[in-house]
Each structure stands twice: as structure tokens, then as C-alpha cells.
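In: sharing a model that was predicted from the sequence below.
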Amino acid sequence: MKLGLQLGYWGAQPPTGTAELVAAAEDAGFDAIFTAEAWGSDAFTPLAWWGRETSRVRLGTSIVQMSGRAPTSIAMHALTLDHLSGGRVVLGMGVSGPQVVEGWYGQPFSKPLARTREVVDIIRQVLAREEKVTNDGPHYPLPFNGPGSVGLGKPLKPIVHPLRADIPIWLGAEGPKNVAQTAEIADGWIPIFYTPNSAAMYQPWLDEGFARPGARRTRADFEIAATCHVQIVSGPAEKAAVINGMKPIVALYMGGMGAKDPNFHKQVFERMGHEALADEVQKLYLEGEKDRAVALIPDELVDDMHIIGTASEVKERAAQWEETGVTTLLLSCRDAAEVRTIAEVLA
């Protein structure tokens, strides 16, 4: 199991100390660094900026929001960065949610699975550079001849010859149909709430995708990159403090993010067996009672979602994650010293 440094997306201001984190990850043997985007900073620019000081780690996005760019534009970003980095790009993508897609990008959210399939197919056409890129699908028609067209569009190939035709494409997916499609058409999966206790729920969905005619990968060469906070503590008291500090994040995803219905993050917790808890947390969040919502989050849930313990406990728990099929742990680290310590413990 490999380690990836999850840099995430920016808050109100650019983060500080990131260059030191990236350098430490490269030196400590981390496999990759990953960036994200929401509705502020983008995912590609930080990889180009901080990745220029690296020579070995893979440079991944987790995730690029598909509705923010045309599929061909996403492919242009990926092939450009792949050239600049010497073939180290991992293209992680996802559909995001309706609030962001329609509220921020001004694009329709309907048919997310069909849209994903078209995006992946178009990007693979660009990277293969075998034929001019076309698409007959209803979501991203190429060339475009719909309302407002002047009728002069024509199929094109990328001017630049891609360094790699097989840049890995990983997809963020949460529901059964989306996970199955990811196993069918992608090179890897970026789950949002994957834990040892919930891993069995996902296996039939993955198997369905791998069994489909023309599936791109098998379980043996498919990557699963699970986001997980790893923190080494001195004992039970410190562990309890860390768990309490992480409960607001769990409560936010469970009940405070997205619309009341449908809510894809909340549905994941429901499938994990926390339906009644998720209903109450969301109810309190919508009523403005955030502190009460946070107080409902059980220690056991946070402990299952993350790896927090002494050095020996962290090593044992990491092995449990690996046994479920996780190939990469995407970790957020506070400083370079923590990067080095975690690398030493999990070496």
C-alpha cells in the first residue's frame, strides 16, 4: 500500500508551508501528492507550481470537477502537465454535486453516470491521438451543431502529441451504480468514506463493474485511493482529543453539506448503517444547531473512518485498510515532521 499526500483545496487564503510538505513527501518515499478543488482554488495549478520541485512523486487530482471544463479542456490540462512532469500525472475526476454544478458552473447535473462515461471516452480519444475526436452523446457533442451553432465546427486532434496515451484516470464515486461504472471504465477509484468496516459493502459493486464486457481493469490492477487521516498519538487521552477535534468534519459531511434531499454524502453514511444518526445530524444542522449535531457523532465512527493511535496501533490499523484492497492512503499532514514520522512507521 502506497502513501499519498492530500493537499486538498485552499481556504480563504493560500496555505503556508506546502512546499516543505511536498519536499518531505518526496524525500520520505510517498508515492504521490494530490490536490483538490471546490469553488475556489483549482486542482491543476498547484500541482504545476509545487510539483516542479519534485522528480519522483506522482501528481494527482482528487478531484477535478467534470462540469468545470469541457472534456477536451481537461485532457489538455492533463497532457500538458504530464509532459512537464515527465509522465507523472494521475487524473482524478468526479461529478461533484448539484449545488456546485448548477449553482457555480451553471451546468445541468442530470444524468451524472452518462456524463461521466462521455467525459472519460473523450479524454481517452484525445490522449490516444489516433483519430479526430468526436462524440455522438447528448451531453458533450463533438463537433457541436446544436442551438446557437454557426455550423463550422469540425473534428480535431490535439496539436501536441501526448506523452502517454494511458494517463491513469481515477474516478470519485459514491453510489452502487457509479462505483460499478468506475470499476468498468476507470483505472482507479477515489472513495470518500471508505473504511475497513464498510469495505464489504463496496465489493459487489466493484465486482459488477469488473465483470462487464470490455472492462478496462481487473481487481488485480485496479487502484483504490482512500482518504484517511492518520495521526500518531501518545495514548488514549490524546486519541480522544483528536477524535473530538475531527467530529465537526464528519458532522458537516453527514448533515451539513448539500441539499436536504437528495444528498449523496448523507446517503453513503446511510448505507454504512447510520441512517437514523444521519437524519438527526442533518435535522440539527438545518436548524442551525451545529454544536448539537457534532455532539451526536460517536467516537467509534470517527475511529473507523481514520487511523489514530500509537505507532504500533497505526501500523496494525493500516494493515487492515490494505487487506480490504486499498492500494493508496491519501493523507493530510500538518507539517514535514509528521510526513516523515508517518512514512517511517508505515514503511
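Out: Yep, that arrived.
In: please identify the helix or strand for the closest residue to A215 other than its chain neighbours.
Out: Nearest residue to A215, sequence neighbours excluded (Cβ to Cβ, 6 or more residues apart in numbering): E184, at 4.9 Å. Glycine gets a C-beta too; all of them are placed from N, C-alpha and C. Per DSSP states H and E: E184 is located in helix 176-185.
In: what helices or strands is that helix leaning on?
Out: helix 112-128, strand 169-172, strand 188-190, helix 199-210 (3 or more Cβ pairs under 8 Å, 6 or more residues apart in numbering; DSSP states H and E).
In: let's have these in JSON lines, adding distance to P98, mean pLDDT and mean neighbour count.
Out: Formatted as JSON lines, those follow (distance: least, Cβ to Cβ, whole Å; pLDDT from 0 to 100; neighbours: other Cβ atoms under 10 Å):
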{"stretch": "helix 112-128", "distance to P98": "9", "mean pLDDT": "98", "mean neighbour count": "20"}
{"stretch": "strand 169-172", "distance to P98": "15", "mean pLDDT": "98", "mean neighbour count": "25"}
{"stretch": "strand 188-190", "distance to P98": "20", "mean pLDDT": "98", "mean neighbour count": "26"}
{"stretch": "helix 199-210", "distance to P98": "22", "mean pLDDT": "95", "mean neighbour count": "16"}
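In: returning to that earlier point: so who does the residue nearest to A215 touch?
Out: 209-210, 212, 214-216 (Cβ atoms under 8 Å, 6 or more residues apart in numbering).
In: equivalent analysis for A70, please.
Out: Applying Cβ under 8 Å, 6+ apart to A70 gives the contacts Y140.
In: give the residue spans of the protein that score low on pLDDT.
Out: Applying pLDDT under 70 to the chain flags the ranges 258-259.
In: do you have the helices of it handy? List them.
Out: Remark: helices assigned in the chain by DSSP state H are 18-28, 44-51, 71-85, 98-103, 112-128, 176-185, 199-210, 236-251, 264-271, 275-286, 290-295, 299-305, 311-323, 336-345.
In: which one of these lies nearest to A220?
Out: helix 199-210 (9.6 Å; Cβ to Cβ).
In: what residues does that closest one touch?
Out: By Cβ under 8 Å, 6+ apart, helix 199-210 touches 176, 179-185, 189, 191, 194, 215, 217-219, 222, 271-272, 324-325.
In: closest to the centroid, which residue in this protein?
Out: Centroid check for the chain by Cα atoms, centre = their mean gives S62 as the closest residue, at 3.5 Å.
In: check whether that one really touches Y9, as I assumed.
Out: No. Counting by Cβ atoms under 8 Å, S62 does not reach Y9; the two are 10.1 Å apart.
In: give me the common contacts of these two.
Out: In contact with both S62 and Y9: 35-36, 43, using Cβ under 8 Å, 6+ apart.
In: which of those tops the neighbour count?
Out: T35 (29 neighbours; other Cβ atoms under 10 Å).
In: so how far is F109 from Y285?
Out: 22 Å (Cβ to Cβ, to the nearest Å).
In: pick out whichever of those two has more residues nearby.
Out: Counted by other Cβ under 10 Å, Y285 and F109 do not tie: Y285 has more neighbours, with 20 against 17.
In: does that one touch G256 like I think?
Out: Yes. Y285 is within contact range of G256, at 4.1 Å (criterion: Cβ under 8 Å).
In: any shared contact partners between those two?
Out: Joint contacts of Y285 and G256 (Cβ under 8 Å, 6+ apart) are A293.
In: of the helices of the chain, which is nearest P158?
Out: When the helices of the chain are compared by Cβ to Cβ, helix 112-128 sits nearest P158, at 5.5 Å.
In: what's that closest one packed up against?
Out: By 3+ Cβ pairs under 8 Å, 6+ apart, helix 112-128 packs against helix 71-85, strand 89-94, strand 169-172, helix 176-185.
In: can I get these in JSON lines with distance to M305?
Out: Formatted as JSON lines, these follow (distance: least, Cβ to Cβ, whole Å):
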{"stretch": "helix 71-85", "distance to M305": "30"}
{"stretch": "strand 89-94", "distance to M305": "19"}
{"stretch": "strand 169-172", "distance to M305": "16"}
{"stretch": "helix 176-185", "distance to M305": "18"}
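In: out of the ones you listed, which is closest to L156?
Out: helix 71-85 (8.4 Å).
In: how distant is the closest one from the center of its chain?
Out: Computed by Cα atoms, centre = their mean, to the nearest Å, the chain-centroid distance of helix 71-85 equals 18 Å.
In: got it, and stretch 87-103?
Out: That offset, for stretch 87-103, works out to 8 Å (Cα atoms, centre = their mean).
In: can you check stretch 289-304 too?
Out: From the chain centre to the centre of stretch 289-304 is a distance of 23 Å (Cα atoms, centre = their mean).
In: now swap in stretch 293-308 and tell me
Out: 21 Å.
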